[in-house]
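**Q** fold the stuff below for me.
(one chain, ligands or ions: 1)
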Amino acid sequence: MKKILISYWSGTGNTETMAKRLAQGVSDAGCEAVLKKTAETTPDLVKEAAAMAFGCPAMGAEVLEESEVEPLIAGLSAAELGGKALGLFGSYDWGDGQWMRDWVDRMKSLGADVDGEGIIAHLDPDDGALTQCYELGKRLAGKAVLAP
Ligand SMILES: Cc1cc2nc3c(=O)[nH]c(=O)nc-3n(C[C@H](O)[C@H](O)[C@H](O)COP(=O)(O)O)c2cc1C
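**A** As a prediction, the model looks like this:
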């Protein structure tokens, strides 16, 4: 069964709620959802994944969480990302989603096949955001099946 890595950081649980819903979409579409916190995300898990999703809320001033997520993302190379479908998601509060726009651009510049514009949820994700997460999980599973 193809593995899809869902790696997330969440301080107060909002992004975690999104990650769990995304994992449900992956499983319902017949792939294995490998749901991991950022700190548990090893290079091998990234390599083994047929598709991936990364989650992180807006932190600092419209940046990724700096102690765990930023080093993980900074350590990814085009070799690991190229040709793999990638979803990005996270929760925010007072901003306008700038952190997500920057993150999408950054991953695209590494050659990742980024799904849409990323999914953003205001604080505790509402039903609409959770449906988007679920559908993203299904899309990633669909693309993973075609991955080598
Ligand atoms: C230290 C800190 C920095 C934050 N910076 C931003 C920000 O730049 N823009 C924004 O929209 N929200 C910001 N937030 C709000 C969080 O993104 C928001 O509370 C989010 O729901 C947290 O998600 P989580 O429950 O997954 O941790 C910040 C929150 C904290 C604690």
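**Q** you'd agree residue 58 is up against residue 90?
**A** Yes: taking contact to mean Cβ atoms under 8 Å, the distance of 6.7 Å between residue 58 and residue 90 places them in contact. C-beta: built from backbone N, CA, C; applies to glycine.
**Q** of these two, which one has the most company?
**A** In this comparison of residue 58 against residue 90, neighbours counted by other Cβ atoms under 10 Å, the higher total goes to residue 90 at 29 against 23.
**Q** just list the residues touching the more buried one, thanks.
**A** For residue 90, the contacting residues are 15, 18, 55, 56, 57, 58, 99, 100, 118, 119, 120, 121, taking Cβ atoms under 8 Å, 6 or more residues apart in numbering as the criterion.
**Q** please report the distance of it from the ligand.
**A** Using Cβ to the nearest ligand atom, to the nearest Å, one obtains 7 Å as the distance from residue 90 to the ligand.
**Q** keeping just the C-alphas, turn the helix or strand where that residue lies into CSV.
**A** The secondary structure element spanning residue 90 is strand 85-92 (assigned by DSSP states H and E). What follows is the C-alpha trace of strand 85-92 in CSV, where atoms were taken according to Å, rounded to 0.1, in the frame of the first residue of the first chain:
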residue,chain,number,x,y,z
ALA,A,85,2.5,15.5,-4.9
LEU,A,86,2.6,17.8,-1.9
GLY,A,87,-0.1,19.4,0.2
LEU,A,88,0.4,22.3,2.6
PHE,A,89,-2.0,23.3,5.4
GLY,A,90,-2.3,25.2,8.6
SER,A,91,-4.2,27.4,10.9
TYR,A,92,-3.8,31.2,11.4
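**Q** now that strand, how far from the centre of its chain.
**A** Strand 85-92 sits 4 Å away from the centroid of its parent chain (Cα atoms, centre = their mean, to the nearest Å).
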